[in-house]
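*Asks:* Take this sequence and fold it.
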Amino acid sequence: MERFDQMVSHCYEAATAFHEKGGHLVGILCEYTPRELILAAGAWPVCLCGGDAEMIPAAETLLPANLCPLIKSTFGYSVNKSNPFLEMSSFLVAETTCDGKKKMYERLAQRHTLYLLELPQKASDPDARAHWLAEIHKLRTALEHRFSMMIHGEKIRDAIRLMNRERRLRRELAKLMFSEHPPLSGRELLDLKSLISCLPEDLAAYEAILKELPSRPEDQRPPRDSVRVLLTGVPIPHGAERVMNLLEAEGGVVVCQENCTGLKPIYQDIPDNTADPLEAIADFYWHLPCSVLTPNTKRMELLEQWARESKAECIVEIIWQCCLTYDIESSMTRELAQKLKLPYLRIETDYSPNDNARIALRIAALYETVRARRT
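*Replies:* Residues are numbered from 1 along each chain as shown. Next up is the predicted model:
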């Protein structure tokens with residue numbers, strides 16, 4: 001697990017060597033971007049989502065202050081030219097999810113070559129699905145033109161198999177949290193991810209960790225009486241983990257992370273033996289239950305399923321300030337928690353630690369409620 005303690009450094013070393021040999025990095029900004037097509041083009045997909053509060057002031061010279069901190073931090077790296085992965089990327093792939101991101105991408109495109117995927121918003125509309133499939137075909141064409149090569153079916157299937165391997169390994173690690181006494185903390189699990197997809201060293205490390213964790217000593221695991229938390233809401237990019245830290249410092253263990261940095265993008269695989277691999281890719285990404293879709297009923301279905309499977313004792317939802325779609329859906333999450341008879345806590349915050357004491361107090365009160373229900 002020590003490899004992932006230095007994940008950014010390892011990714012930087014690998015990316016620099018790859019870039020110096022003429023390899024291409026493709027920056028991605030959302031889970032809707034199909035990494036398989038990037039890998040099939042011989043490039044490396046690298047996540048550029050910002051989690052550093054120090055990048056926000058630079059972003060606010062061009063973006064409004066009342067905007068999601070993830071958007072501002074991501075853009076601040078471009079303004080400051082301080083993200084080496086962004087600076088090495090020869091191509092960016094973005095997507096029309098929330099309004100804030102869409103308008104930020106216009107600014108980002110002033111410095112970087114950016115391709116915009118148009119994500120339809122109606123989750124169950126056949127015409128929207130057909131439009132999304134056409135967008136995936138157009139992305140393949142854009143990558144072919146950018147890198148002067150052909151992305152044929154077998155390359156795509158190989159990339160699907162590779163991404164399925166990474167998804168399977170990360171999914172198996174996540175499902176270990178569902179056990180009666182999880183062998184690692186939620187924060188440790190959150191750290192077991194990489195900015196760059198499918199690095200061979202990362203895949204080997206995942207396999208080694210899976211072999212070793214079942215025999216992890218008792219004193220290295222979360223305490224048995226920890227409050228079991230299902231965490232949902234916005235993604236938690238690298239550098240923005242403070243609420244996760246507070247949840248576990250107060251005596252909890254996050255046994256399920258539903259969000260985009262958790263189970264949501266890895267709970268299924270893509271079929272690698274279909275007649276049309278592009279259609280299989282389109283369907284996989286189209287079914288990701290993000291709050292930008294309407295209606296987004298699949299998210300509540302998964303939350304209910306994972307709350308039961310993980311034996312969660314409460315639900316905590318994180319909302320980044322000004323994230324309207326997840327903020328509105330939080331009332332639906334509360335209703336689900338009531339249906340499941342689980343205590344619920346909504347935490348609206350940004351990247352600043354100024355509200356740590358207030359959040360810790362609310363978490364402690366939530367855990368008192370849970371413990372009182374045990375007796």
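*Asks:* Quick check: can you list the domain ranges of the protein?
*Replies:* Following automatic domain parsing, one gets these domains for the chain: 2-155, 160-374.
*Asks:* now the longest one: how far from the chain's centre is it?
*Replies:* The chain centroid and the centroid of domain 160-374 are separated by 9 Å under C-alpha atoms, centre = their mean, to the nearest Å.
*Asks:* And what about Tyr115, helix, strand or coil?
*Replies:* Put simply, Tyr115 is strand when judged by DSSP: H, G, I helix; E, B strand; the rest coil.
*Asks:* Now do the contacts for Leu303.
*Replies:* Going by C-beta atoms under 8 Å, 6 or more residues apart in numbering, Leu303 touches Leu230, Thr232, Glu258, Ile315, Thr333, Leu336. Any C-beta I mention is one placed from the backbone N, CA and C, and that applies to glycine too.
*Asks:* So which of those is the closest to Pro200?
*Replies:* When the contacts of Leu303 are ranked by distance to Pro200 (C-beta to C-beta), Glu258 comes first, at 28.8 Å.
*Asks:* How about the secondary structure of the closest residue to that closest one other than its chain neighbours?
*Replies:* The shortest distance from Glu258 to any non-neighbouring residue, by C-beta to C-beta, 6 or more residues apart in numbering, is to Thr232 (4.3 Å). Of the three states, Thr232 takes strand according to three-state DSSP.
*Asks:* Surely Thr232 is in contact with Ala312?
*Replies:* No. Counting by C-beta atoms under 8 Å, Thr232 sits too far from Ala312 to count as a contact (10.1 Å).
*Asks:* Comparing these two, which residue is more hemmed in?
*Replies:* Neighbour count, other C-beta atoms under 10 Å: between Thr232 and Ala312, Thr232 has more, with 30 against 24.
*Asks:* give the contact list for the more buried one.
*Replies:* Thr232 touches Glu258, Asn259, Leu303, Ile315, Val316, Glu317, Ile318, Thr333, counting by C-beta under 8 Å, 6+ apart.
*Asks:* I'd like these as JSON lines, with pLDDT and distance to Asp219 appended.
*Replies:* JSON lines is the format used below for those (pLDDT from 0 to 100; distance: C-beta to C-beta, whole Å):
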{"residue": "Glu258", "pLDDT": "98", "distance to Asp219": "29"}
{"residue": "Asn259", "pLDDT": "97", "distance to Asp219": "29"}
{"residue": "Leu303", "pLDDT": "98", "distance to Asp219": "32"}
{"residue": "Ile315", "pLDDT": "98", "distance to Asp219": "29"}
{"residue": "Val316", "pLDDT": "98", "distance to Asp219": "26"}
{"residue": "Glu317", "pLDDT": "98", "distance to Asp219": "31"}
{"residue": "Ile318", "pLDDT": "98", "distance to Asp219": "29"}
{"residue": "Thr333", "pLDDT": "98", "distance to Asp219": "35"}
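*Asks:* farthest-separated two in the contacts of Leu303?
*Replies:* Greatest spacing in the contacts of Leu303, by C-beta to C-beta: Glu258 and Leu336 (11.3 Å).
*Asks:* More neighbours: these two, which one.
*Replies:* Glu258 (24 against 19).
*Asks:* The nearest residue to Glu250 once chain neighbours are set aside: what's it in contact with?
*Replies:* Nearest residue to Glu250 in three dimensions, chain neighbours excluded: Ile363, at 4.6 Å (C-beta to C-beta, 6+ apart). Contacts for Ile363 (C-beta under 8 Å, 6+ apart) come out as Leu246, Leu247, Glu250, Gly252, Val316, Leu345.
*Asks:* How much space separates Ile363 from Leu231?
*Replies:* To Leu231, Ile363 is 12 Å away according to C-beta to C-beta, to the nearest Å.
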